[in-house]
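J.: take a look and give me a structure for this.
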Amino acid sequence: MVVVPDVLFHLDTPAFRAWRTVFVAITVQGLPFLVFGTLISAAISAFVPASVFDRLLPRKPALAVPVAGAAGAVLPGCECASVPVAGSLMGRGVAPAAALAFLLSAPAINPIVLVATAVAFPGSPEMVLARLIASLAVAVTMGWLWAALGRPEWLRLPAPRRTAPAGRWQVFRDGLQHDFLHAGGFLVVGAMAAATFNILVPQSVLETVSSSPWLSVLALAVLAVVLAVCSEADAFVAASLTGFSPTARLAFMVVGPMVDVKLIALQAGTFGRPFALRFSSATFVVAVLSSVLVGWWLL
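T.: Numbers count the residues shown, from 1 in each chain. The predicted structure follows:
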């Protein structure tokens, strides 16, 4: 009876309260979009015939990748939603390269994100355009890279689900339960990691590197990974970082929806750890380079 109050006393510190606040904020922020994504994933598995994807997407991966990347501009959602949807697409026979292009583009260039960016940067349409071009370029480039260099043993493909006409609603319910519980667990793990990094990285470090153009881009790119801010809200965070250059803030918005700690955890749980480590590392490099090039061109 004496140990429990003592433990609670030590946990009730400013650092732990800050960690708890960040953890709860990330989890609550990502949960609605995770539900949205699992609903779409289950609906695709249960109600959409595989022949639909054969008709919509070109047969050649080189052509299917940009089509799938552009499709990300239609479906609102964040990275928590895109992972189960991409997994469902692969399970229905869509080429992994095309599904991965959609996975990256959907949380980065959907209408909600672009409108939020315009609101966060009033009077700066070039920032919205830069985010759209840089993010789409990353998604298509990574899709093409996977088509050219990806190996089947690196990617654990989700097993296709049976969708008998008499049991489609049962398939929908089973798929929703499986995807939500599976992806939700990794969302929690990612949120814990993001909260930990958020507390450990001192603000003084960010202020030190903001004076260097190259270091500022890398600093905000890494910050986007560890903060794991949802793509619908990251533009407001980027706009608040007034001490950094526009290109650095663009890198924050391009990297975040494609590579963050909770997304890496979700990818590892859905597609396997070998895939998550390789794909996330390559995406980070391509996203930084794309942000620098587009920022130099437009900003």
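J.: the bottom helix or strand of this protein by mean pLDDT?
T.: Of all the helices and strands that make up the chain, helix 3-11 has the lowest average by mean pLDDT, DSSP states H and E, namely a mean of 50.
J.: next secondary structure after it?
T.: Of the helices and strands lying after helix 3-11 in sequence (DSSP states H and E), the nearest is helix 14-47.
J.: low-confidence ranges in the stretch 151-299 of the chain?
T.: In the predicted model, the stretch 151-299 of the chain carries pLDDT under 70 at residues 158-166, 179, 182-183, 186-187, 189-190, 194, 197-198, 201, 203, 206.
J.: again, 90 this time
T.: Regions of the stretch 151-299 of the chain meeting the criterion pLDDT under 90 cover residues 151-216, 219-220, 223-224, 226-244, 257, 260-272, 299.
J.: what ranges do the helices span in it?
T.: In order along the chain, the stretch 151-299 of the chain carries the following helices (DSSP state H, counting those that start in this stretch): 168-200, 203-209, 213-227, 234-240, 246-255, 261-271, 273-298.
J.: please identify the helix or strand for the nearest residue to residue 125 once chain neighbours are set aside.
T.: Distances taken as CB to CB, 6 or more residues apart in numbering place residue 118 nearest to residue 125, at 7.1 Å, with adjacent residues excluded. C-betas here are computed from N, CA, C, even on glycine. Using DSSP H and E, the element containing residue 118 is helix 111-120.
J.: tell me the angle whichever helix or strand comes after that helix makes with helix 246-255.
T.: Sequence-wise, the next helix or strand downstream of helix 111-120 (DSSP H and E) is helix 125-149. Angular relation of helix 125-149 and helix 246-255 on a 0 to 180 degree scale: 50 degrees, by axes from the mean of the first three to the mean of the last three CA atoms, to 10 degrees.
J.: let me know the average pLDDT across helix 125-149.
T.: Along helix 125-149, the predicted local confidence has a mean pLDDT of 95.
J.: now do that helix: which elements does it pack against?
T.: Packing partners of helix 125-149 (3 or more CB pairs under 8 Å, 6 or more residues apart in numbering; DSSP states H and E): helix 61-71, helix 96-109, helix 111-120, helix 246-255, helix 273-298.
J.: want to throw those into TSV with distance to residue 224 and mean neighbour count?
T.: Conversion of the helices and strands packed on helix 125-149 to TSV gives the following (distance: least, CB to CB, whole Å; neighbours: other CB atoms under 10 Å):
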stretch	distance to residue 224	mean neighbour count
helix 61-71	20	20
helix 96-109	12	28
helix 111-120	14	18
helix 246-255	4	27
helix 273-298	9	19
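J.: possible to save the ones you listed as CSV with distance to residue 17?
T.: Shown next, in CSV, are these (distance: least, CB to CB, whole Å):
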stretch, distance to residue 17
helix 61-71, 41
helix 96-109, 30
helix 111-120, 28
helix 246-255, 26
helix 273-298, 30
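J.: which of these sits closest to residue 196?
T.: Comparison of these against residue 196 by CB to CB identifies helix 273-298 as nearest, at 17.9 Å.
J.: next one: the closest one to chain centre, how far?
T.: For helix 273-298, the distance from its own C-alpha centre to the chain's C-alpha centre is 12 Å (CA atoms, centre = their mean, to the nearest Å).
J.: again, but for stretch 31-47
T.: 16 Å.
J.: CA atoms only for that stretch - export them in PDB, please.
T.: Coordinates of the C-alpha atoms in stretch 31-47 are reproduced here as PDB (Å, rounded to 0.1, in the frame of the first residue of the first chain):
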ATOM      1  CA  LEU A  31      -7.200   7.600 -33.900                       C
ATOM      2  CA  PRO A  32     -10.100   9.100 -36.000                       C
ATOM      3  CA  PHE A  33      -8.100   8.800 -39.200                       C
ATOM      4  CA  LEU A  34      -7.000   5.200 -38.300                       C
ATOM      5  CA  VAL A  35     -10.700   4.400 -37.900                       C
ATOM      6  CA  PHE A  36     -11.400   6.100 -41.200                       C
ATOM      7  CA  GLY A  37      -8.600   4.100 -42.900                       C
ATOM      8  CA  THR A  38      -9.700   0.800 -41.500                       C
ATOM      9  CA  LEU A  39     -13.300   1.400 -42.500                       C
ATOM     10  CA  ILE A  40     -12.100   2.100 -46.100                       C
ATOM     11  CA  SER A  41      -9.800  -0.900 -46.000                       C
ATOM     12  CA  ALA A  42     -12.600  -3.300 -44.800                       C
ATOM     13  CA  ALA A  43     -15.000  -1.900 -47.400                       C
ATOM     14  CA  ILE A  44     -12.500  -2.400 -50.200                       C
ATOM     15  CA  SER A  45     -11.900  -6.000 -49.100                       C
ATOM     16  CA  ALA A  46     -15.600  -6.800 -48.700                       C
ATOM     17  CA  PHE A  47     -17.400  -4.800 -51.400                       C
END
